[in-house]
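Asker: mind looking at a prediction? Sequence and model below.
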Amino acid sequence: MTRLDLSLDAAALTVVLCDIESVSGNERRLAEAVELVLREVPHLTVQRDGDTVVAQTDLGRAERVVLAGHLDTVPLGDNLPCRVEDGRIHGCGTTDMKSGVAVQLRLAAQLDRPNRDVTYVFYDNEEVEAEKNGLGRVARNHPEWLAADFAILMEPTNAAVEGGCQGTLRADVVFSGHRAHSARSWMGENAVHKAGEVLQRLAAYEAEQVDIDGLVYREGLNAVGIRGGVAGNVIPEECVVEVNYRFAPSRSEAEAADVVRRVLDGFDVRVTDSAPGALPGLSHPAAAAFVAMVGREPLPKFGWTDVARFSALGVPAVNYGPGDPMVAHQREEYCDIAPILECEERLLAWLR
Ligand SMILES: [Zn+2]
């Protein structure tokens, strides 16, 4: 069993955490190491559900804050073990999001009498299908573990507060035709050709920019895939264009589906998957105090993150973490050391 040393600084700890490979579905070793080290911390109560570990203080404070981070990473890109060079850690999971996890662990060990009660959540399977998500599982099995006034998800944000998150919707646009030998194409009806107009509409569509609490959410409606055709000598009888709509959190999933249907009016649009966004909630007192403490201009979150799960539980949530979201999931993934130390310092100051 790996023993973590929480007296290492957050950067050195990031390296240790990244070098324990934990691609989604393979978090056991890391979850065990996290559980083991937190059970040795006298001021924490520790719970475990699958490969999710939840530790909390119980000081009866007036307010409770969740600090959450996922333990898993996307598949390796030949980028482990980590390499440290010129104030930067290179490797899988450095930015997304073991630098955030390192900060969480350091805070958990140091904050024996925080001014707000703190719940630290380390969960599995964030980088894969939503139904496997450890945070979702805990929300179903033990919603009381996540009860709080405010949550901070330590996903990479370059140490700025990113409020809320956008929703996402996927739809298939289905075209049917009639199969024929391509040497006698007039006998058939080409389903792939029919997709042309939908592609043109999507290319011409100007996505909206929606202002919420002073944060501008820039939407996007795009074709993200196309499939059709069975052989080089057959006129295709089916073609499917896969569409993804990233929508502002002020829209519901139903409204988002209406937007897609309106833009693609006249076509067979089938929604296959959607997840609501989360409103930034920056006007909530705990969130406002947090933003003031961070001292940087808050930004909108463009990806979908688990802040939406907290939002659904009635807990306002923001993203705040040391990594750069632009290099997440890349082979060249890295994280600068300075923002890791800054995040730890700011959170320590806020919770002390
Ligand atoms: Zn992440």
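Answerer: Everything's here; your move. Numbering: from 1, shown residues only.
Asker: the helix or strand containing residue 256: which residues count as buried?
Answerer: Element membership of residue 256, judged by DSSP states H and E, is helix 253-263. Within helix 253-263, the residues that count as buried by 16 or more other CB atoms under 10 Å are 253, 256, 257, 259, 260, 263. Yep, even glycine has a C-beta here, placed from its N, CA and C like the rest.
Asker: name the nearest residue to the residue in the stretch 201-350 of the chain positioned nearest to the ion, sequence neighbours excluded.
Answerer: With CB to the ion, the shortest gap between the stretch 201-350 of the chain and the ion falls at residue 328, namely 6.4 Å. Of all residues not flanking residue 328 in the chain, residue 96 sits nearest, at 3.8 Å (CB to CB, 6 or more residues apart in numbering).
Asker: same deal with residue 183?
Answerer: Nearest to residue 183 is residue 233, by CB to CB, 6+ apart, at 7.2 Å.
Asker: and that neighbour, how far from residue 227?
Answerer: 18 Å (CB to CB, to the nearest Å).
Asker: more crowded one of those two?
Answerer: residue 227 (12 against 8; other CB atoms under 10 Å).
Asker: pull out the buried positions in whichever helix or strand the more buried one is part of.
Answerer: For residue 227, the enclosing helix or strand under DSSP H and E is strand 220-228. By neighbour count on 16+ other CB under 10 Å, the buried set for strand 220-228 is 221, 223, 226, 228.
Asker: neighbours of the residue nearest to residue 328, how many?
Answerer: Neighbours of residue 96 (other CB under 10 Å): 27.
Asker: wait, doesn't it sit right on residue 154?
Answerer: No: at 10.3 Å, residue 96 and residue 154 do not qualify as touching, with contact defined as CB atoms under 8 Å.
Asker: let me have the buried residues of helix 253-263 in TSV, extended by distance to the ion and pLDDT.
Answerer: Putting those into TSV (distance: CB to the ion, whole Å; pLDDT from 0 to 100) gives the following:
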residue	distance to the ion	pLDDT
253	22	94
256	23	97
257	26	98
259	27	97
260	26	98
263	30	98
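Asker: tell me the helices and strands packed up against whichever helix or strand comes after the helix holding residue 256.
Answerer: Note on helix 253-263: by DSSP H and E, the next helix or strand toward the C-terminus is strand 268-275. When contacts are defined as 3 or more CB pairs under 8 Å, 6 or more residues apart in numbering; DSSP states H and E, strand 268-275 packs onto strand 167-176, helix 253-263.
Asker: quick revisit: just the buried residues of helix 253-263 now: which is nearest residue 296?
Answerer: The closest of the buried residues of helix 253-263 to residue 296 turns out to be residue 256 (CB to CB; 29.8 Å).
Asker: my read is that the closest one contacts residue 247, right?
Answerer: Yes: under the criterion of CB under 8 Å, residue 256 is in contact with residue 247, at a separation of 4.4 Å.
Asker: between the two, what contacts are shared?
Answerer: 167, 169 (CB atoms under 8 Å, 6 or more residues apart in numbering).
Asker: which parts of the stretch 1-150 of the chain sit against the ion?
Answerer: 96, 97 (CB under 5 Å from the ion).
Asker: what does the stretch 151-300 of the chain give?
Answerer: So the stretch 151-300 of the chain meets the ion at residue 155 (CB under 5 Å from the ion).
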